[in-house]
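Student: 3D, please:
(2 chains)
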Amino acid sequence: MTQLALVIDLNVCVGCHACVTSCKQWNTSGPAGAMSDDNPYAAEPTGTFFNRVQTFEVGQYPHTETIHFPKSCLHCEDAPCVPVCPTGASHKREEDGIVLVDYNKCIGCGYCSWACPYGARELDEHEKVMKKCTLCVDRIYDEALPEAERKPACVLACPTSARLYGDVHDPNSEVSIAIRDEGGYALMPEWGTQPANHYLPRRKTRKHYHEDELVRVDNPLKKEGPLIADEKGPFLEDVTSW
Amino acid sequence: MNPPYSVIFLTTLIGAGQGLFLALFFGQTYILLEDIPLESGKFYAIGSLIALVFLIGGLIASFFHLGRPERAWRAATQWRTSWLSREVIVLPLFMFFVFLYGVLHYFDINPSVFGTAAFPETGLTIVVGSVGVAVCIALFICTGMIYACLKFLQEWHTPLTPINYTLFGMASGCTLAALYTQQQQSHLLGHMTVWAIILTLAVFLTRSASLIRNRRIKYKSTLKTAIGVRHTHIQQKAQGAMGGSYNTREFFHGKKASFLKSIKWIFMILVFPVPVALLTAALFNQDATILFVMAFAVQYIGLIAERWFFFAQARHPQNLYYQTI
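Tutor: Below is the predicted model of the structure:
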């Protein structure tokens, strides 16, 4: 069985919001209709988004770290938003595991958003139906596009390749290998929703020095420090063989 | 959660309607069992009509909760998995039985259907009413389970939620039944009043239990599990939107903790002690209509506050992602 998903590398994300804008651009221009905005250029701008980048600060000054955290629907394998939907508009596709909302069936009751612990669903205030990430389902299967572009808009837009896309059920896919090798984890595992999307943690690049790297082996007198011209005694040149 | 008024009115109105129907039906069986003078068919018919008015009021309120009310019929399709869908089916079904029960009484269509030891001649109204009671209980359970089934809303995820919905409805409906029997000068007045007091006291116990339970909730989700970083000190700096979003409007009530606390005390006073005092006074002065009217009205207003608090108290784990602009 296929389960398409995103893997987001928090070690690489710089918080540029390119995925947010490209997501909005692609999905507001798509066949499903616009994602409405209110006051986009005024005070209190608000609108419908599938994907948002949030920022968290971990630790206290001076030991702080800024984490940019892209958040969209995680396409849970046991999606709690699906069984609660009274109309069947909210569904999980058998063939690729994408969780979708049928905008023609949705009655806008908002119950699925209550049932999502991640806040991944947003009600379109003008169309009055629930909207959420489609994993660009209208793009990834589009054979009119070159194969390299059959990926979600956010993945293509990411300038640092922080977003990987693929089948997490295929153990040899890029995403599965990344999850396995880089310590990929799921959000809020306590609810058993089994999110398909995974996050890769921050990884520190540390240099480890061995002792013999700090002490010069070719220094038999164990004298360190700047050489002083008028110092008495043998110089290094006098005792080494080169 | 941000309390939706449509749902507050839906649940309080249908609760009162359901409770009134239960009171009428059990009043009818009580009369048969205890040899109290029979009530006329019109008594049950008008009572059922009042219950229907409350149910229809609730149904109308529920439509205001929908973004696309014209598609509401679709909500009946997913009864296999969705408690909301089940409620959408059971509510009209219950209204049908209340209607049927009222019509049968209005035209005095009550042929004996079968006999038991308790009811030697079980009339059709008793049979229809019994089915109505079963559907009524099912409706209470559906309404309560809509909230209780959401496991990560820990304030709601308890058997006390459907129990409270059931008992609040029964108490409020029985208070309404006391007012109705008083207006109709029915022999059931004393019984209705006493049962209204008993049910109000019962729901006082179960609601207090849920309040105590909710005070001790240990939330399973934290910022640590929300973003997957193990640190005791995590602060949100941006939520990705400056003017708020659906997530901030739907899941935050925006009121201070002190406001919440005052609402709690308001409903704890209006729903329980005041109606009990008024109904107890009414027991000794059965002609004082004002006491019955006040008991129902005060309790109903209290129930609106109770339902508001029920929603406002629930803390959705998604709020962890929306701590600051």
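Student: Just want the phi and psi numbers for residue A:169.
Tutor: The phi and psi values for residue A:169, taken as degrees, to the nearest 10, are phi -90, psi -10.
Student: And it, how close does it get to residue A:75?
Tutor: Distance of residue A:169 to residue A:75, given as Cβ to Cβ, to the nearest Å: 12 Å. Bear in mind the C-beta positions are built from the backbone N, C-alpha and C, glycine included.
Student: go on, residue A:162?
Tutor: For residue A:162 relative to residue A:75 (Cβ to Cβ), the value is 18 Å.
Student: How about residue A:179, nearest residue that isn't a chain neighbour?
Tutor: Using Cβ to Cβ, 6 or more residues apart in numbering or on different chains and skipping residues adjacent in sequence, the residue nearest residue A:179 is residue A:198, 4.9 Å away.
Student: which residues does the one you found bridge with?
Tutor: Counting by DSSP bridges, residue A:198 forms beta bridges with residue A:7.
Student: Hmm, it is touching residue A:5, no?
Tutor: Yes - between residue A:198 and residue A:5 a contact is recorded at 7.0 Å, counting by Cβ atoms under 8 Å.
Student: More neighbours: which of those two?
Tutor: residue A:5 (28 against 24; other Cβ atoms under 10 Å in any protein chain shown).
Student: Then that one would be within a helix, right?
Tutor: No - going by DSSP: H, G, I helix; E, B strand; the rest coil, the assignment for residue A:5 is strand, not a helix.
Student: wait, doesn't it sit right on residue A:194?
Tutor: No - under the criterion of Cβ under 8 Å, residue A:5 makes no contact with residue A:194, lying 10.8 Å away.
Student: for the residue of the stretch 51-200 of chain B found nearest chain A, helix, strand, or coil?
Tutor: The stretch 51-200 of chain B approaches chain A most closely through residue B:67 (2.0 Å), counting by Cβ to the nearest Cβ. Classification of residue B:67 using three-state DSSP returns coil.
Student: Need the per-residue pLDDT for it.
Tutor: With respect to pLDDT, residue B:67 scores 95.
Student: show me what contacts it?
Tutor: Shown in contact with residue B:67 (Cβ atoms under 8 Å, 6 or more residues apart in numbering or on different chains): A:106, A:107, A:108, A:109, A:110, A:123, A:127, A:128, A:129.
Student: you'd agree the last one is up against residue A:123?
Tutor: Which is residue A:129. Yes - with contact defined as Cβ under 8 Å, residue A:129 counts as touching residue A:123 (7.3 Å).
Student: can you pull out the helices in chain A?
Tutor: A:18-28, A:81-84, A:111-114, A:137-140, A:153-157, A:174-182, A:211-214, A:236-239 (DSSP state H).
Student: what's the least confident stretch among those helices?
Tutor: Minimum mean pLDDT among those: helix A:236-239, a mean of 69.
Student: Comparing residue A:162 and residue A:75, which shows the higher neighbour count?
Tutor: Between residue A:162 and residue A:75, counting by other Cβ under 10 Å, residue A:75 is the more crowded of the two (27 against 23).
Student: shared neighbours, residue A:198 and residue A:5?
Tutor: A:168, A:175.
Student: how many neighbours does the closest residue to residue B:19 other than its chain neighbours have?
Tutor: Setting aside the residues directly before and after it, residue B:19 is nearest to residue B:173 in space (Cβ to Cβ, 6+ apart), at 1.6 Å. Neighbours of residue B:173 under the rule other Cβ under 10 Å: 28.
Student: was I right about residue B:173 contacting residue B:17?
Tutor: Yes - taking Cβ under 8 Å as the definition, residue B:173 is a contact partner of residue B:17 at 6.9 Å.
Student: can you list residues touching both of those two?
Tutor: Going by Cβ under 8 Å, 6+ apart, residues that sit against residue B:173 and also against residue B:17 are residue B:51.
Student: which residues of chain B fall in strands?
Tutor: B:112-114, B:122-123, B:234-238 (DSSP state E).
Student: Deepest-packed of those strands, please.
Tutor: strand B:122-123 (a mean of 19; mean count of other Cβ atoms under 10 Å in any protein chain shown).
Student: Provide the contact partners of that one at residue level.
Tutor: Applying Cβ under 8 Å, 6+ apart, the contact partners of strand B:122-123 are B:110, B:111, B:112, B:113, B:114, B:115, B:116.
Student: So what's the gap between that strand and the chain middle?
Tutor: 30 Å (Cα atoms, centre = their mean, to the nearest Å).
Student: That strand pairs with which strands, parallel or anti?
Tutor: Strand B:122-123 is paired, per DSSP bridges, with strand B:112-114 (antiparallel).
Student: leaving aside the residues next to it on the chain, what's closest to the one residue in chain A that gets nearest to chain B?
Tutor: The minimum distance from chain A to chain B, using Cβ to the nearest Cβ, falls at residue A:108 (2.0 Å). Counting by Cβ to Cβ, 6+ apart, residue A:108 lies nearest to residue B:67, which is 2.0 Å off, once chain neighbours are set aside.
Student: Can you give me the end-to-end span of stretch A:157-171?
Tutor: 26 Å (Cα to Cα, to the nearest Å).
Student: Residue A:1 touches residue A:168, doesn't it?
Tutor: No - Residue A:1 lies out of contact with residue A:168 (Cβ under 8 Å); the separation is 10.6 Å.
Student: Which pLDDT value goes with residue A:228?
Tutor: Note on residue A:228: pLDDT of 61.
Student: make that residue A:142, sorry
Tutor: 95.
Student: Return the residues in contact with it.
Tutor: Residues counted as contacts of residue A:142 (Cβ under 8 Å, 6+ apart) are residue A:150.
Student: how deep is the closest residue to chain A within the stretch 151-300 of chain B tucked in, by neighbour count?
Tutor: As assessed by Cβ to the nearest Cβ, chain A sits closest to residue B:240 within the stretch 151-300 of chain B, at 3.3 Å. By other Cβ under 10 Å, the residues close to residue B:240 number 22.
Student: next one: residue B:72
Tutor: 18.
Student: Quick check: it touching residue A:107?
Tutor: Yes - counting by Cβ under 8 Å, residue B:72 does reach residue A:107; the two are 5.9 Å apart.
Student: which residues do these two both contact?
Tutor: Common neighbours of residue B:72 and residue A:107 (Cβ under 8 Å, 6+ apart) are residue B:66.
Student: Could you verify my assumption that residue A:185 touches residue A:199?
Tutor: Yes - with contact defined as Cβ under 8 Å, residue A:185 and residue A:199 form a contacting pair (5.8 Å).
Student: ok, those two, which is more surrounded?
Tutor: Per other Cβ under 10 Å, whichever of residue A:185 and residue A:199 has more neighbours is residue A:199, with 27 against 16.
Student: Name all residues that make contact with the closest residue to residue A:154 other than its chain neighbours.
Tutor: Of all residues not flanking residue A:154 in the chain, residue A:19 sits nearest, at 3.6 Å (Cβ to Cβ, 6+ apart). Residues in contact with residue A:19, defined by Cβ under 8 Å, 6+ apart, are A:51, A:53, A:70, A:153, A:154, A:155, A:157, A:158, A:163.
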